[in-house]
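Engineer: Okay, predicted coordinates and the sequence, questions at the end:
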Amino acid sequence: MFAACGGGGSNSAEDEVVALPTDGILGELPKVVAEFEAAEAAASAKYDELKKSNPDKANEFWKEYINQGNATKFKKETLPAAGKTLEGKEIPTEIADGLPLKLEKNFTLDDKREAFTSALLTADANQQTPVMNYTPVAFDADGNAIATGRSTNWQSLYPIKEGKQMSFRLFISVSDYDAARWARLQKIVIMDNKSDAYKQAEEQIKANKDAFKNKGKE
């Protein structure tokens, strides 16, 4: 959480949220998520602080905060509204070297923050072709991995033959720790999840989450 993990108080957290760009592929989505997460974290931190000296006052504060309905409004109104602005937007898409796939189109977003694409198998292949391993990975403008997706129909590809279609899905799930990267989303790469490149992507995603969690604790 921005406030809870920042170590420098809410001002630095608020500054980070304000600084998030809104002119990227995902528009306002990363920023509105970051704003909500920061508000939740600040409220939680205030509750914890009050509880140390005055538990009754802390409980009163928390009850008032819950009664404001911020979480419900965010989930039912703010987030869906942000998702609807993304419908039809394309995310530049690539296929990693060596995969027997031909891209049919870029990942394209619907109004529920899901991105889909499809690709064709380019040649007859033996039964060992690991189509179940082909996985989309989102990257920011600095080449850092943000999140992974999945293939949706690999079971139907057997026996593997040229021209069969693979479908892929990547759900845009923005959180506090990756909002800054989603704000600078640049592309999605379909790769083999047993490859070194994919393993490095997973390590980057974990490192980003850990760094955010531990920020300000040094």
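Structural biologist: Yep, it's here.

Engineer: Please parse the chain into its domains.
Structural biologist: 2-86, 90-210 (automatic domain parsing).

Engineer: mean pLDDT lowest for which of those?
Structural biologist: When the domains of the chain are compared by mean pLDDT, domain 2-86 comes last with a mean of 85.

Engineer: Using JSON lines, please lay out the domains of the chain together with mean neighbour count.
Structural biologist: Bear in mind the C-beta positions are built from the backbone N, C-alpha and C, glycine included. What follows is those, written out as JSON lines (neighbours: other CB atoms under 10 Å):
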{"stretch": "domain 2-86", "mean neighbour count": "16"}
{"stretch": "domain 90-210", "mean neighbour count": "17"}
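
Engineer: residues contacting residue 50?
Structural biologist: By CB atoms under 8 Å, 6 or more residues apart in numbering, the residues touching residue 50 are 57-58, 61.

Engineer: change it to 10 Å
Structural biologist: Residue 50 makes contact with 56-62 under the criterion CB atoms under 10 Å, 6 or more residues apart in numbering.

Engineer: again, but for residue 24
Structural biologist: 30-31, 140-141, 182-186 are the contacts of residue 24 under CB under 10 Å, 6+ apart.

Engineer: quick one: which of these is nearest to residue 74?
Structural biologist: Nearest to residue 74 out of the contacts of residue 24 is residue 31 (CB to CB; 12.9 Å).

Engineer: do you know how far that closest one is from residue 38?
Structural biologist: Distance of residue 31 to residue 38, computed by CB to CB, to the nearest Å: 10 Å.

Engineer: hey, what's in contact with both of these two?
Structural biologist: Common contacts of residue 31 and residue 38 (CB under 10 Å, 6+ apart): 17, 179.

Engineer: who touches the host helix or strand of residue 65?
Structural biologist: According to DSSP states H and E, residue 65 maps onto helix 55-67. With contact meaning CB under 10 Å, 6+ apart, helix 55-67 is reached by 39-40, 42-44, 46-52, 54, 71-72.

Engineer: Name the next helix or strand downstream of that helix, please.
Structural biologist: helix 70-73.

Engineer: I'd like the next helix or strand past that following helix.
Structural biologist: Heading C-terminal from helix 70-73, the first helix or strand you meet, by DSSP H and E, is helix 79-84.

Engineer: I'd like to know which elements that following helix is packed against.
Structural biologist: helix 29-53 (3 or more CB pairs under 10 Å, 6 or more residues apart in numbering; DSSP states H and E).

Engineer: Just want the angle from the helix it packs on to helix 55-67.
Structural biologist: 160 degrees (axes from the mean of the first three to the mean of the last three CA atoms, to 10 degrees).

Engineer: Quick one: the strands in the chain, in order.
Structural biologist: With DSSP state E as the criterion, the chain has strands at 90-91, 93-95, 101-103, 107-109, 114-121, 134-140, 145-148, 150-151, 165-171, 185-192.
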